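J.: Need the 3D shape of this:
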Amino acid sequence: MKPYQHLLDTEFLSKEEMQGLLNRARFFEEHHEENAKTFQNRFVANLFFEPSTRTRFSFEVAEKRLGLNILNFSEEVSSTTKGETMYDTVKLLSSIGVEAVVMRHRNEKCIAELAKQDTGCTLINAGAGSWAHPTQALLDLYTIWQQFGEVSGLRVAIIGDLKHSRVVRSNIWALQKFGAEVVVSGPPMMRDAEIEKHVRYVEFEEAIRSSDVVMLLRVQLERHEQSLFEGAEAYLQSYGMTQSHFDQMQPHAILMHPAPMNRGVEIADEVVEHPRSKIFTQMHNGVWIRMAVLERAYLERGGH
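T.: Numbers count the residues shown, from 1 in each chain. Take a look at the predicted model:
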């Protein structure tokens, strides 16, 4: 199995490869009513070891549109609870005819380590711990490209829980390869020194006033041992997108969020569905990007 067949992170994709995926996503969006079902009689498995709504259902819709037969994995009734290794689980799937595995795992090293072994399956990272979430970054890139017609020269501000986000890194690699300037912002205790080796940290007010795209990150309360603020309202007023903060954005600037969003924490209710908020557009675009990613995996494998 050639390593380039796996999709581990945008860090390992060239600009040309990503542009190819954007082009195919646009094709699928424009021709979605045709439902070609290109990969009928071929199998994919969805292995999700963490809760997921948007990513899991988005992949499943994409898989159905491509005609794939889907196996949905449930950790609690699988042999991994009996001590079976992840390698043996994926090798089993390959042995019974599964060609691609879409995997989300709380352990950020699991997918990368699995990719070093010959499981017989193409791996697609659907979210790995705090490390990477490549299809989210690709759908974000597609949404920005769709909105502005180009990405080069734009300033994108990523704001929020930088330390615990798997989205921020994947977005940085993708956006920088397309010529965007990425800046980050958020509470001091949520900053990440490794991230700031690659992008500049700016104060919140500067971030929202000077950027073409403002991308909020979810405050991952489940990953924090202690409460970081006096309450949700305190975070919203300091680092969230209130109506007054939204009014400070440039007139052409768009608002994004990878979701799930905490209403009243990162974003006020009245801003969520503003015409310049592209949060639900991102979710819509996830299907087309994931169709493109799955198509890439199966075409590179060959066969019928």
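
J.: all strands of the stretch 1-150 of the chain, in order?
T.: For the stretch 1-150 of the chain, the strands defined by DSSP state E, counting those that start in this stretch occupy 43-48, 69-73, 98-105, 122-128.

J.: packing partners for the first one?
T.: It refers to strand 43-48. The elements that strand 43-48 packs onto, with contact taken as 3 or more CB pairs under 8 Å, 6 or more residues apart in numbering; DSSP states H and E, are helix 54-65, strand 69-73, helix 86-95, strand 98-105. In this view, the C-beta of every residue, glycine as well, is placed from N, C-alpha and C.

J.: Send me stretch 209-219 as PDB with only the CA atoms.
T.: Provided in PDB are the C-alpha atoms of stretch 209-219 (Å, rounded to 0.1, in the frame of the first residue of the first chain):
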ATOM      1  CA  ARG A 209     -11.400  43.700  12.400                       C
ATOM      2  CA  SER A 210      -8.600  42.900   9.900                       C
ATOM      3  CA  SER A 211      -9.600  39.500   8.500                       C
ATOM      4  CA  ASP A 212     -11.500  38.400   5.400                       C
ATOM      5  CA  VAL A 213     -12.500  35.200   7.200                       C
ATOM      6  CA  VAL A 214     -13.100  34.800  10.900                       C
ATOM      7  CA  MET A 215     -13.100  31.100  11.900                       C
ATOM      8  CA  LEU A 216     -14.200  30.400  15.400                       C
ATOM      9  CA  LEU A 217     -13.200  27.200  17.200                       C
ATOM     10  CA  ARG A 218     -15.300  25.300  19.700                       C
ATOM     11  CA  VAL A 219     -14.300  25.600  23.300                       C
END
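
J.: The strands of the stretch 1-150 of the chain into JSON lines, with extra columns for mean pLDDT, mean neighbour count and distance to residue 278?
T.: Below are the strands of the stretch 1-150 of the chain laid out as JSON lines (pLDDT from 0 to 100; neighbours: other CB atoms under 10 Å; distance: least, CB to CB, whole Å):
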{"stretch": "strand 43-48", "mean pLDDT": "97", "mean neighbour count": "22", "distance to residue 278": "25"}
{"stretch": "strand 69-73", "mean pLDDT": "95", "mean neighbour count": "15", "distance to residue 278": "28"}
{"stretch": "strand 98-105", "mean pLDDT": "97", "mean neighbour count": "24", "distance to residue 278": "23"}
{"stretch": "strand 122-128", "mean pLDDT": "96", "mean neighbour count": "25", "distance to residue 278": "20"}
